[in-house]
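> Here is a sequence with its predicted model. Questions after.
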Amino acid sequence: MKINDGDPGFKHEVAAQPGGEGLKVCFGCAACTARCTVGQHMPEYDPRRIIRLTLLGRRQEVLASPLIWRCSTCYSCSEVCPQEVRFTDVLTAIKNLAAREGCAPPSARVSAQLLAKQGRLLEVSEFENEKRADLGLPPVEQHPQDFQSILGITPEAEPDGEDAP
């Protein structure tokens with residue numbers, strides 16, 4: 001890697017995102033990697049390496065990596081980090097940047113489309129609401145407008161898979 005290969009502003013961009021604040025305090029001790037449940041089953045998944053590549057400004061390598069989507073969000077890494085980096089939150093900031101740049105996997109795009117269409121990942125039908133009523137529970141309401149606002153979709157525009165995030 002040459003010095004000019006990295007994007008020196010990338011770490012600052014990640015750190016400026018919600019959840020990314022702890023990125024720059026990592027000193028690479030590898031406690032997160034040692035504790036990572038995903039890394040125990042997938043040796044190529046290494047939280048410390050993701051942090052290091054981000055700090056080195058390896059923007060495209062990080063954002064295009066399918067590994068950033070593998071985190072199980074168990075927060076085990078955060079429990080052992082002596083610097084309180086909160087890797088899971090930093091990774092969420094990285095994934096948000098990746099999604100904005102079109103690097104999200106198809107499953108993330110499908111999830112966004114479902115949220116925009118029905119306000120939840122699983123549709124709740126009349127069958128489920130009838131069963132809830134039988135149990136004395138209120139019906140589950142769907143509020144897609146909340147997610148449409150977050151995703152920047154106007155309520156009139158029906159996400160069709162091509163235009164939706």
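Perfect, I can see it now. Because the structure is a prediction, the values reported are computed rather than measured.

> just so I have it, where are all the helices in this protein?
Using DSSP state H, the helices of the chain run over residues 10-16, 31-35, 37-41, 47-55, 59-63, 76-80, 87-100, 106-118, 126-134, 144-151.

> which one of these has the lowest average pLDDT?
Looking over these, mean pLDDT reaches its minimum on helix 144-151, with a mean of 80.

> Just name whatever secondary elements that helix is in contact with.
Counting contacts by 3 or more C-beta pairs under 8 Å, 6 or more residues apart in numbering; DSSP states H and E, helix 144-151 is packed against helix 106-118. Heads up, the C-betas are built off the backbone N, CA and C, glycines and all.

> Would you mark the buried spots in the helix it packs on?
Residues of helix 106-118 classed as buried by neighbour count (16 or more other C-beta atoms under 10 Å): 109, 112-117.

> Can you list the helices and strands that that helix packs against?
helix 144-151.

> Please export the C-alpha coordinates of the helix it packs on as CSV.
The C-alpha trace of helix 144-151 is given here as CSV (Å, rounded to 0.1, in the frame of the first residue of the first chain):
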residue,chain,number,x,y,z
PRO,A,144,-44.8,2.9,6.7
GLN,A,145,-44.7,6.7,6.6
ASP,A,146,-42.2,6.7,9.5
PHE,A,147,-39.7,4.7,7.5
GLN,A,148,-40.6,6.5,4.3
SER,A,149,-39.5,9.7,6.0
ILE,A,150,-36.3,8.2,7.2
LEU,A,151,-35.5,6.7,3.8
